[in-house]
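> with the sequence up front, the predicted model follows.
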Amino acid sequence: MIFVTAGHVDHGKTSLLRALTGTDTDRLPEEKRRGMTVDLGYAYLPLPDGEILGFIDVPGHEKFLTNMLAGVGGVQHALLVVACDDGIMPQTEEHLAILHLLRIPDLTVVLTKIDKVEAERRTEVREALEQELRRYAWNGVAFFEVSAITGDGIVALKTHLQALVLQQKISSTRNTHRFRLAIDRAFHVHGAGLVVTGTALNGHVNIGDTLWLTGAEQSVRVRHLRAQDHPTETAHAGQRIALNLVGDLHKDDIARGDWLLSEAPPSPVSRCLVELGLLGSPISLQQWQSVHLHHAASHLTGRLSLLQPPETASVLCELALDTPLHLADDDVLIVRDISARHTLAGARVLSLTPPRRGKRQPAFLHWLSRRTETNDDHDVLALWLQQGAVELDAFAWARQLTAPALQTLLPSSGALIKGGYAMDAVMAEQQCDSLVASLAESHARYPEHLGVGRARLRRMALPNTPEVLVFAHIDRLLNEKRLINTNGWLHLPQHRLAFTAEEDLLWKRLLPLFHEPPCWVRDLANAAQTPEETARALLHKAMRLGYVVAIVRDRYYLTAQIARIAEIVRATAADSSDGGMETAALRNRFGVGRKLAIQILEFFDRSGFTRRQGNRHLLRDAELFANQESAAKD
């Protein structure tokens, strides 16, 4: 268990830890010279039962608040230190406010320097502090009166801290989620190599594990571990951890605020949606206000884009970060004014993927307000499913879920799971109806067409839904016979085309005349000794039936012929790095001229089988023109 100190400069935080642990946490020459804590210090207290208490000593001077903020992340209990001779001072108030904004759940108040004041003064300071604590809804806080000089009260405080360890249990959620540690120090140890330290926010780590180091953006292996300043095989959330790392990196590659993660993260975010918990008056906030932001061990600047008027102590807001951060859901950032003199708010992360449009629409703000009331993984997933398709990798990162935890969560959601996405079952049914309605509209507008391909139907009906989900909807509709697939063209069951008896006779005369390269209408009409307009009308209908395709006006391939060419394109695309091909490749593979190769590829682009990107044609709908070797009507 870790305790962090808080309080005004020169109120005895370092002296208190020395009296508790025997360790002087002021390690820097500057701190020795000035007699004042400048950076984070660490001390440990072994207990008779084998547990080890960890302490983080933070600077109390206003100038070093950035260092103080780097030390309080991931801590579950704070020791608010107040000197009885001074009483409540500016940094006492600010540190207390920061502890509240960071949602540190438990607090113990330690009144120091009792040897310098009378009992009446102690009572006066205690009463003032109790009133201050009530502002932040900290009730039933334990008070201890101590003197680091005489030792009075130290034993009672130790006993209290030991009892807290017995009561405190790090939640299973923190231990079963992904390992995540914000680095606050990096140094070399002779004979061991690079060592980094920090407080684990979530998860656990073992010797031999491979972790991802942000900043350096590379994987590293854990050679040795120390937790709470003792060698160990494994360490977990809520401990101070030192990790001896193996990898191709140097101490200078690591900065305070970098992360050690159980796996490589997605790209850091430069925008996120947050709930601002304000300290002062809401009217102190301005639209697009520049601010300082503190997250774990990181310090950066950014801007506030308010999503609603700042009329209450809780305001929905979008943060625009000047430096992208690796954030997760429910992380808390401390917001300070741009002069770095006043703490304004705590920002709880609600969403890492702000929509480009509609953030201020009432419906979205209502949804975001519901998100502020939700922290359970199951409930958060249910909320996101209301918004549409959920990318599971992104959701798992945001919630810091391990793969087993995600797989345990999904069945209870009742969602459609396909290709790394989840969708609410009701919404999936609505999207199926949208596909059917769009196809019916297409039939009404173009009754001469047999149908459309999968990719085109998606673009018509559900362009913003992931392709894998739309194709799953189409497969379901095909299985339910609500759609029919004829030679790769999708249509409704009632939408049918057929030759008349006279047309059927003419088609049987034309069919043997098809050859390579594709045939022109006039050539087929002359060979069959039939009027050109009659042949043109018949071939146009045969195209709607799926028996032929026109690569350009009046030039036709049998569907089986174009299917063979499509198979060449599929094979060529499979052998390329980007899933595409150029005109020259088709010309060489199929043995046709450049002009015909261009016509064929442009037809494939129009039909949705491929899409053009520069000089290359990338495969789009691989199922189009598949299994059509016998598509022509005999």
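Ah, there it is.
> burial count for residue 254?
Counted with other C-beta atoms under 10 Å, the neighbours of residue 254 add up to 21. The C-beta positions use only the backbone N, C-alpha and C, and glycine is treated the same way.
> and it, how far from residue 197?
Separation of residue 254 from residue 197 (C-beta to C-beta, to the nearest Å): 11 Å.
> between the two, which contacts overlap?
Common neighbours of residue 254 and residue 197, counting by C-beta atoms under 8 Å, 6 or more residues apart in numbering, are 183, 186.
> low-scoring stretches of the stretch 401-550 of the chain, by residue?
Scanning the stretch 401-550 of the chain for pLDDT under 70 picks out no residues.
> which residues of it fall in helices?
Using DSSP state H, counting those that start in this stretch, the helices found in the stretch 401-550 of the chain span residues 403-409, 425-445, 454-461, 467-479, 501-510, 521-528, 532-545.
> kindly reformat these as a markdown table containing mean neighbour count.
Listed next are the helices of the stretch 401-550 of the chain as a markdown table, based on neighbours: other C-beta atoms under 10 Å:
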| stretch | mean neighbour count |
| --- | --- |
| helix 403-409 | 14 |
| helix 425-445 | 16 |
| helix 454-461 | 21 |
| helix 467-479 | 18 |
| helix 501-510 | 14 |
| helix 521-528 | 17 |
| helix 532-545 | 18 |
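> I'd like those as CSV, with distance to residue 30 appended.
As requested, the helices of the stretch 401-550 of the chain are exported to CSV (distance: least, C-beta to C-beta, whole Å):
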stretch, distance to residue 30
helix 403-409, 45
helix 425-445, 60
helix 454-461, 63
helix 467-479, 58
helix 501-510, 94
helix 521-528, 90
helix 532-545, 84
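> right, and the ones you listed - which one's nearest residue 60?
When the helices of the stretch 401-550 of the chain are compared by C-beta to C-beta, helix 403-409 sits nearest residue 60, at 39.5 Å.
> CA atoms of that closest one as CSV?
What follows is helix 403-409, C-alpha atoms only, in CSV (Å, rounded to 0.1, in the frame of the first residue of the first chain):
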residue,chain,number,x,y,z
ALA,A,403,-8.4,-10.1,-23.7
PRO,A,404,-10.0,-12.6,-21.3
ALA,A,405,-11.8,-9.8,-19.5
LEU,A,406,-13.3,-8.5,-22.8
GLN,A,407,-14.4,-12.0,-23.8
THR,A,408,-16.1,-12.5,-20.5
LEU,A,409,-17.9,-9.2,-20.9
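> what is that helix packed up against?
helix 377-387, helix 392-399 (3 or more C-beta pairs under 8 Å, 6 or more residues apart in numbering; DSSP states H and E).
> tell me which of the ones you listed sits most buried.
Among the helices and strands packed on helix 403-409, the stretch with the highest mean neighbour count (mean count of other C-beta atoms under 10 Å) is helix 392-399, at a mean of 20.
> tilt between that helix and helix 377-387?
130 degrees (axes from the mean of the first three to the mean of the last three C-alpha atoms, to 10 degrees).
> to the chain's geometric centre, what's the distance from helix 392-399?
For helix 392-399, the separation from the chain centroid amounts to 5 Å (computed by C-alpha atoms, centre = their mean, to the nearest Å).
> which residues does it contact?
By C-beta under 8 Å, 6+ apart, helix 392-399 touches 177, 265-266, 328-329, 351-353, 377, 380-381, 384, 401-403, 406, 410, 417, 420-422.
> do that again at 6 Å, thanks
266, 328-329, 352, 377, 406, 420, 422 (C-beta atoms under 6 Å, 6 or more residues apart in numbering).
> how about stretch 20-34?
Residues outside stretch 20-34 that contact it (C-beta under 6 Å, 6+ apart): 14, 17-18, 37-38, 41, 43, 45, 57.
> same deal with stretch 288-304?
66, 69-70, 73, 182, 184, 256-257, 317, 319-323, 325, 333-336, 338, 340.
> filter the residues you listed down to the ones in strands?
182, 184, 317, 319-323, 325, 333-336 (DSSP state E).
> out of those residues, which are buried?
The neighbour count (16 or more other C-beta atoms under 10 Å) marks 182, 184, 317, 319, 321, 325, 333-336 as buried among these.
> any idea which of those is least confident?
Of all these, residue 184 carries the smallest pLDDT score, 88.
> give me the nearest residue to that one, chain neighbours excluded.
Excluding the flanking residues, the one nearest residue 184 by C-beta to C-beta, 6 or more residues apart in numbering is residue 297, at 4.7 Å.
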